[in-house]
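Student: here is the input, now give the coordinates:
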Amino acid sequence: MWNIVIVDDDRSVLQGMKRMIPWEEFNARLVGEAMDGSEGLRIIQECSPDIVITDIYMPVMNGLDMIQQLRSTDFAGKIVILSGYSDFEYARQALRLGVDDYLSKPVTLNTLRELLGKLLGQLEQELTKKEEEEEIKVRLQKYEPYVRHERMRTLLIGLYSLQDKSFVEWAEEFQDGQSAHYVTMVMEMVRTDRMVGWTARDYLLLRFAVGNIAAELAAEEGLKIYFAELQHLQMAVLLHVDPGLPRKRAMETCRKLAERIHEAVTTYLRIELQIGLGSVKEEWKTIATGTQEAQIALLDKISNSEQGLPVFQYRPPVAGSEDEGGVRLRSLAWYQKLTEAVRQLDPAYGEAAIAELGDQLEGVSIAGLQRMGSELWTIWGYALYETGMNLNDMYAAGEIEKELKILLRPSQWKDWVLHKLLAICERFGRTDNVKHKKSVDFIVAYVHEHYAEEIRLQELAEKLYISRNYLSNIFRNATGETFNDYVTRVRIEKAKKLILQGNLMVYEIAEAVGYKNVSYFTTLFKKQTGRSPSEFSKGY
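Tutor: The predicted structure is shown next:
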């Protein structure tokens, strides 16, 4: 309901305006009246009305002075001057003070009705816009942790483009706000007989527990950390170290923390853990290199632990070695891109990643090519297992090893990788449709049962034990629309049925289909149907 205050020193005008305004038609009410500007100012500040109708010439304080004081206190309501004077100077002052309309007495009912309709229409639009902005703000706040996590994972893995201005701006702000150097730790849970038969949910809970232990121990050391899952047995941890510390001292601090994490995880979770550490990095663009170094440290398994624990620190290749040019570091970056292609069953992305290799494999030995193929196949296996797919279903034991042994040149290696990538996408893109259908069917049923509640895709993804992005892609590919669009469509269809029943008010219908904000509901309804709820009810 809209609130109106009338200020005029002529009692007959006050009474006439109260009788003339069609209050019910405009869903409005009179919340205050005054006969001078001073009293009007007090009432308006107390009531905060949506519309003020005021005279100019009044005792104690005139209308223009009252308006000036209201504007100085950021009064946002509509103001209409109703005066018997049409002096240009008054009109000029009124314009300067942001008055919404200036009417001369006497005013007709049609003029008043037209004016109120216009002002209330503007107020409705402003309110709707404000509520939509609030709705967007709330949604952004809800999704902010997820967005931050995904960006951190992208930063740690290096799956970003410097052409992505939004990401680069976020990364620059991240670095500017930290005043720190960075060390990446990769923690890998060793698969044991105890894990046979474990589900993706089991690994998810285990990663969560390991992450909690790491966070608590890091906090005790005064270190800030960020997490990101690499695959179901690996997780990356970004450690912030004091830029004033010498590099050797910083690495000792990180190594001791890694040893404490290993001991705690072994003691409390009873699992085997091995940890790799990359070198100290000074800027965000080199953080992904630190992740790759930590993964290489895990592969080399050269322990720096004084206690003989499986904590491994990266050692740069020595001069004259096969990897002097940093092929292994680059290969891990390729692995990440190729693994994303497999995870999303996206052959085009994989082909683009292979094309980026160019001639960078030239000079790699036959043994190096075969080792890289074996590493990539292992990583693919982990990535697919996380989504319920098993590479062992495609090839007999020992078959991949035989194929790798005949890879003698870089061109053969690239052809082999592309062939396997396409085969995986073809196989699981076809057989996975059944699993996808079950996931989509679950979402559809859930939305139809819970449309009156707040529904978040992240929560549904957690129920299905798959990532939000993956579930979003599955749903969009299966239905041709986004999850949010589908929820909106279902809610509006339910609302249409309730409107046609004719026994509920619009605000009750909005609440019944999951919208607490009536104006936002009305906007969505009109966008979906081309008519407002009231217009829709009159059309049937």
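Student: pull out the buried positions in stretch 46-64.
Tutor: Going by neighbour count (16 or more other Cβ atoms under 10 Å), the buried part of stretch 46-64 is 49-56, 58, 61-64. In this view, the C-beta of every residue, glycine as well, is placed from N, C-alpha and C.
Student: how about the CA coordinates for that stretch, as PDB?
Tutor: Coordinates of each C-alpha in stretch 46-64 appear next as PDB, following Å, rounded to 0.1, in the frame of the first residue of the first chain:
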ATOM      1  CA  GLU A  46       8.200  10.400  10.800                       C
ATOM      2  CA  CYS A  47       6.000   8.600   8.200                       C
ATOM      3  CA  SER A  48       8.400   8.500   5.200                       C
ATOM      4  CA  PRO A  49       5.500   8.600   2.700                       C
ATOM      5  CA  ASP A  50       5.800   7.600  -0.900                       C
ATOM      6  CA  ILE A  51       4.100  10.900  -2.200                       C
ATOM      7  CA  VAL A  52       3.900  14.400  -0.700                       C
ATOM      8  CA  ILE A  53       1.400  16.900  -2.000                       C
ATOM      9  CA  THR A  54       2.100  20.400  -0.700                       C
ATOM     10  CA  ASP A  55       1.200  24.000  -1.100                       C
ATOM     11  CA  ILE A  56       3.900  26.800  -1.400                       C
ATOM     12  CA  TYR A  57       2.600  29.700   0.700                       C
ATOM     13  CA  MET A  58       2.100  28.500   4.300                       C
ATOM     14  CA  PRO A  59       2.800  29.900   7.800                       C
ATOM     15  CA  VAL A  60       5.900  29.100   9.900                       C
ATOM     16  CA  MET A  61       7.700  27.500   7.000                       C
ATOM     17  CA  ASN A  62       6.800  27.700   3.300                       C
ATOM     18  CA  GLY A  63       6.600  24.700   1.000                       C
ATOM     19  CA  LEU A  64       9.800  25.300  -0.900                       C
END
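Student: ok, back up a step: closest one to L299 out of the buried residues of stretch 46-64, please.
Tutor: D50 (68.3 Å; Cβ to Cβ).
Student: between the buried residues of stretch 46-64, which sits nearest D359?
Tutor: For these, the nearest to D359 is D50 (70.3 Å; Cβ to Cβ).
Student: hang on, the earlier thing: nearest to T128, of the buried residues of stretch 46-64?
Tutor: D50 (14.0 Å).
Student: per-residue pLDDT, that closest one?
Tutor: On the pLDDT scale, D50 is placed at 91.
Student: for the stretch 351-500 of the chain, what spans make up the helices?
Tutor: Counting by DSSP state H, counting those that start in this stretch, the stretch 351-500 of the chain has helices at residues 366-385, 399-405, 410-450, 457-464, 468-479, 483-501.
Student: counting by contacts, list what the fourth one packs against.
Tutor: With contacts defined as 3 or more Cβ pairs under 8 Å, 6 or more residues apart in numbering; DSSP states H and E, the packing partners of helix 457-464 are helix 410-450, helix 468-479.
Student: looking at those, which is closest to S179?
Tutor: With respect to S179, and counting by Cβ to Cβ, the nearest of the helices and strands packed on helix 457-464 is helix 468-479 at 31.6 Å.
Student: pull the number of nearby residues for G530.
Tutor: Other residues lying near G530 total 9 when counted by other Cβ atoms under 10 Å.
Student: could you do the one 5 residues further on as well?
Tutor: Residues lying near E535 (other Cβ under 10 Å) number 12.
Student: and it, how far from E493?
Tutor: 17 Å (Cβ to Cβ, to the nearest Å).
Student: one more: Q125?
Tutor: Per Cβ to Cβ, Q125 is found 26 Å from E493.
Student: quick one: the strands in the stretch 201-350 of the chain?
Tutor: 225-231, 234-241, 273-277, 311-313 (DSSP state E, counting those that start in this stretch).
Student: mean pLDDT added to these, as a markdown table?
Tutor: A markdown table is the format used below for those (pLDDT from 0 to 100):
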| stretch | mean pLDDT |
| --- | --- |
| strand 225-231 | 83 |
| strand 234-241 | 91 |
| strand 273-277 | 94 |
| strand 311-313 | 91 |
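Student: mind giving me TSV with those strands and columns for distance to E252 and mean neighbour count?
Tutor: Output for these, formatted as TSV (distance: least, Cβ to Cβ, whole Å; neighbours: other Cβ atoms under 10 Å):
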stretch	distance to E252	mean neighbour count
strand 225-231	17	20
strand 234-241	10	23
strand 273-277	11	24
strand 311-313	10	24
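Student: output those strands as TSV; include the columns distance to M389.
Tutor: Below are the strands of the stretch 201-350 of the chain laid out as TSV (distance: least, Cβ to Cβ, whole Å):
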stretch	distance to M389
strand 225-231	13
strand 234-241	18
strand 273-277	25
strand 311-313	30
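Student: tell me how far I406 lies from V186.
Tutor: Separation of I406 from V186 (Cβ to Cβ): 32 Å.
Student: so if I had to pick from the two, which one is more boxed in?
Tutor: Neighbour totals were compared for I406 and V186, and V186 leads with 25 against 10 (other Cβ under 10 Å).
Student: which two among the buried residues of stretch 46-64 are spaced furthest apart?
Tutor: It's D50 and N62 that sit farthest apart of the buried residues of stretch 46-64, by Cβ to Cβ, at 22.8 Å.
Student: name the helix or strand for F75, please.
Tutor: For F75, there is no helix or strand it lies in under DSSP states H and E.
Student: ok, the residue nearest to G502 when sequence neighbours are not counted - how many residues close by?
Tutor: Among residues not flanking G502 along the chain, S537 sits closest, at 7.0 Å (Cβ to Cβ, 6 or more residues apart in numbering). Per other Cβ under 10 Å, the neighbour tally for S537 reads 16.
Student: thinking again about what came up before, show me which of the buried residues of stretch 46-64 is closest to L298.
Tutor: Among the buried residues of stretch 46-64, D50 lies closest to L298 (Cβ to Cβ), at 64.9 Å.
Student: mind putting the buried residues of stretch 46-64 in a markdown table, secondary structure included?
Tutor: Formatted as a markdown table, the buried residues of stretch 46-64 follow (DSSP: H, G, I helix; E, B strand; the rest coil):
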| residue | secondary structure |
| --- | --- |
| P49 | coil |
| D50 | coil |
| I51 | strand |
| V52 | strand |
| I53 | strand |
| T54 | strand |
| D55 | coil |
| I56 | coil |
| M58 | coil |
| M61 | coil |
| N62 | coil |
| G63 | helix |
| L64 | helix |
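Student: for G276, give its distance to I261.
Tutor: G276 is 12 Å from I261, where distance means Cβ to Cβ.
Student: now Q45
Tutor: Taken as Cβ to Cβ, the span from Q45 to I261 is 59 Å.
Student: which one's more surrounded, those two?
Tutor: I261 (24 against 12).
Student: how about that one, nearest residue that isn't a chain neighbour?
Tutor: A214 is the one closest to I261 (Cβ to Cβ, 6+ apart), at 5.1 Å.
Student: could you pull up the residues touching the one you found?
Tutor: Residues in contact with A214, defined by Cβ atoms under 8 Å, 6 or more residues apart in numbering, are 187, 225, 227, 237, 261.
Student: can you spell out the domain ranges of the chain, please?
Tutor: 2-129, 178-315, 485-538 (automatic domain parsing).
Student: ok so, going back, closest to T291 among the buried residues of stretch 46-64?
Tutor: Scanning the buried residues of stretch 46-64 for proximity to T291, where the rule is Cβ to Cβ, the winner is D50, at 56.1 Å.
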